[in-house]
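Trainee: attaching a predicted model along with its sequence, questions to come.
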Amino acid sequence: MRPFVYERPADVSAAVAVASRFADQQDQPTKADVQFIAGATNLADYMKLGVATPKRLLDLNALREPTLRQIKIGDGIIRFGALVRMGEAADNDDVRRICPLLSESLKLAASGQIRNMASLAGNVLQRTRCEYFRETSWPCNKRDPGSGCAAMEGFNRQHAVLGTSDDCIATYHGDFAQALIALDATVEIEGKRGARRMEFAKLHRLPGDTPDIETNLAPDDVIVAIEVPFAAWSRRSHYLKIRDRESYAFALASAAVALDLDGNMIRHARIALGGVATVPWRAKAAEEALQGKTLDQEVAETAADAAFVEAKPRRYNAFKIPLGKRTLVRALLETRDMKV
Ligand code: SF4
């Protein structure tokens with residue numbers, strides 16, 4: 001690991017000021033000389049591997065604003081401070097009761113040790129685990145723009161089938177983000193440009209021909225909170241994750257589902273898919289296929305087919321299309337059958 005300067009700013013404005021001073025505004029946050037850490041469960045790995053080489057780390061754990069560590073619930077909004085740990089949010093009784101999808105996605109995301117360390121904001125900004133991205137001897141457009149993509153013709157079993165490009169097929173491996181995008185969450189950001197809000201759906205960028213640009217954040221932007229709207233329907237919500245082993249593994253396919261039902265008739269379905277796409281993936285075509293329908297196996301299968309119409313399989317990951325469909329069908333029927 002290369003030497004770096006370590007600082008603990010006292011508040012958000014100090015963190016933004018230091019980041020603004022040492023980061024070039026044209027830099028991507030993942031490439032900037034200065035980077036933020038909270039749990040450091042993702043960045044520390046990449047620093048050890050030589051994938052990330054920041055010269056200055058700003059540890060956000062000393063920020064004095066109490067709201068950064070609080071979960072507030074009221075007026076139809078769950079507001080998570082950015083430094084709330086995954087485990088704390090997952091174990092919050094009110095969150096679990098109001099919106100099980102949030103708790104389940106967090107519980108299934110990582111081991112207990114990592115859930116206790118990792119912050120919510122850091123979790124949604126985690127980077128891909130593409131094997132070729134992590135090993136610096138391979139060409140990788142995300143790590144080294146223009147160098148090529150070893151995964152295209154390589155062992156791409158873990159890679160994405162939705163949202164891919166000719167330059168990158170890396171999967172976004174998070175789970176909590178699938179819940180957030182399904183539930184129309186919003187992020188609050190403070191940066192050199194001031195405080196602003198961003199739809200969670202606009203936080204991550206498709207790889208296109210610039211896979212190295214992963215989010216719409218500037219290098220001095222700090223996420224300070226995540227807001228999730230809730231209502232009576234959000235109690236009928238669920239996260240299903242399918243993986244190679246039942247603990248501590250990334251999703252091969254997952255589905256985040258929230259259903260607003262009138263009897264068995266769907267007023268509104270909210271669906272996101274994980275393990276199969278390059279970014280947190282809202283499945284709008286599947287939602288539209290369900291609108292106004294009575295949910296049964298056949299209707300669920302039609303929606304799952306719609307979700308994967310644009311999927312592009314590679315040599316080793318074609319299995320993700322039928323697996324992703326079956327995962328969504330099962331998640332829809334399990335959500336329908338929840339006792340709420
Ligand atoms: Fe790099 Fe993306 Fe290709 Fe993986 S899939 S090697 S992250 S360009």
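Mentor: Structure received.

Trainee: what's the helix or strand harbouring Glu104 packed up against?
Mentor: Assigned by DSSP states H and E, Glu104 belongs to helix 100-107. Where contact means 3 or more Cβ pairs under 8 Å, 6 or more residues apart in numbering; DSSP states H and E, helix 100-107 is packed against helix 86-91, helix 93-98, helix 176-182, strand 237-242, strand 253-262. All C-beta spots, glycine's among them, are computed from the backbone N, C-alpha and C.

Trainee: ok, which residues in the protein are in contact with the ligand?
Mentor: 128, 130, 132-133, 140-142, 149-151, 168-170, 211 (Cβ under 6 Å from any ligand atom).

Trainee: right, and the helices and strands packed on helix 100-107 - which one's nearest Asp75?
Mentor: helix 93-98 (12.6 Å; Cβ to Cβ).

Trainee: about what we covered before: so which one among the residues of the chain next to the ligand has the lowest pLDDT?
Mentor: Across the residues of the chain next to the ligand, the bottom pLDDT score, 94, is held by Thr128.

Trainee: correct me, but that residue touches Ile169?
Mentor: No: the pair Thr128 / Ile169 is not scored as a contact, 9.9 Å apart, by Cβ atoms under 8 Å.

Trainee: residue with max distance from the center of this protein?
Mentor: In the chain, the residue that sits farthest from the middle, by Cα atoms, centre = their mean, is Gly263; the gap is 31.6 Å.

Trainee: give me the contact list for the helix holding Glu104.
Mentor: By Cβ atoms under 8 Å, 6 or more residues apart in numbering, the residues outside helix 100-107 that reach it are 78, 86-87, 89-92, 95-96, 115, 175-176, 178-179, 182-183, 228, 234-235, 237-239, 241, 256-258, 338.

Trainee: any quick ChimeraX command for the buried ones out of these?
Mentor: In ChimeraX, this line selects whichever of the contacts of helix 100-107 come out buried by 16 or more other Cβ atoms under 10 Å:
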select :78,86,87,89,90,92,95,96,115,175,176,178,179,182,183,228,234,235,237,238,239,241,256,257,258
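
Trainee: re earlier: TSV for the residues of the chain next to the ligand, including neighbour count and secondary structure?
Mentor: Formatted as TSV, the residues of the chain next to the ligand follow (neighbours: other Cβ atoms under 10 Å; DSSP: H, G, I helix; E, B strand; the rest coil):
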residue	neighbour count	secondary structure
Thr128	27	coil
Cys130	26	coil
Tyr132	24	helix
Phe133	24	helix
Cys140	27	strand
Asn141	25	coil
Lys142	24	coil
Cys149	25	strand
Ala150	19	coil
Ala151	30	coil
Cys168	26	coil
Ile169	25	coil
Ala170	27	coil
Pro211	25	coil
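
Trainee: please spell out which residues along stretch 203-211 are buried.
Mentor: Neighbour counts over stretch 203-211 (16+ other Cβ under 10 Å) mark 203-207, 210-211 as buried.

Trainee: give me phi/psi at the nearest residue to Thr136 once chain neighbours are set aside?
Mentor: Leaving aside its sequence neighbours, Thr136 sits nearest to Gly50 (Cβ to Cβ, 6 or more residues apart in numbering; 5.2 Å). Backbone torsions of Gly50, given as degrees, to the nearest 10, read phi 80, psi 10.

Trainee: kindly report the domain assignment for the protein.
Mentor: 5-59, 237-336 (automatic domain parsing).

Trainee: determine which stretch of those is the most buried.
Mentor: domain 237-336 (a mean of 20; mean count of other Cβ atoms under 10 Å).

Trainee: first-to-last residue distance for that domain?
Mentor: 9 Å (Cα to Cα, to the nearest Å).

Trainee: distance between it and the chain's centre?
Mentor: Put simply, domain 237-336 sits 16 Å off its chain's centre (Cα atoms, centre = their mean, to the nearest Å).

Trainee: what about the strands in the stretch 1-150 of the chain?
Mentor: Per DSSP state E, counting those that start in this stretch, the stretch 1-150 of the chain carries strands over the ranges 5-7, 34-37, 56-59, 71-74, 77-81.

Trainee: how far away is Glu334 from the ligand?
Mentor: In this view, Glu334 and the ligand are 32 Å apart by Cβ to the nearest ligand atom, to the nearest Å.

Trainee: now do the contacts for the residue lying closest to Lys72 once chain neighbours are set aside.
Mentor: Nearest residue to Lys72, sequence neighbours excluded (Cβ to Cβ, 6+ apart): Arg79, at 4.5 Å. Taking Cβ under 8 Å, 6+ apart, we find Arg79 in contact with 70-73, 225-228.

Trainee: can I get those in TSV including pLDDT?
Mentor: As requested, the contacts of Arg79 are exported to TSV (pLDDT from 0 to 100):
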residue	pLDDT
Gln70	98
Ile71	98
Lys72	98
Ile73	98
Ala225	98
Ile226	98
Glu227	98
Val228	98
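
Trainee: from those, pick the one nearest the ligand.
Mentor: Nearest to the ligand, judged by Cβ to the nearest ligand atom, of the contacts of Arg79 is Ile226 at 25.4 Å.
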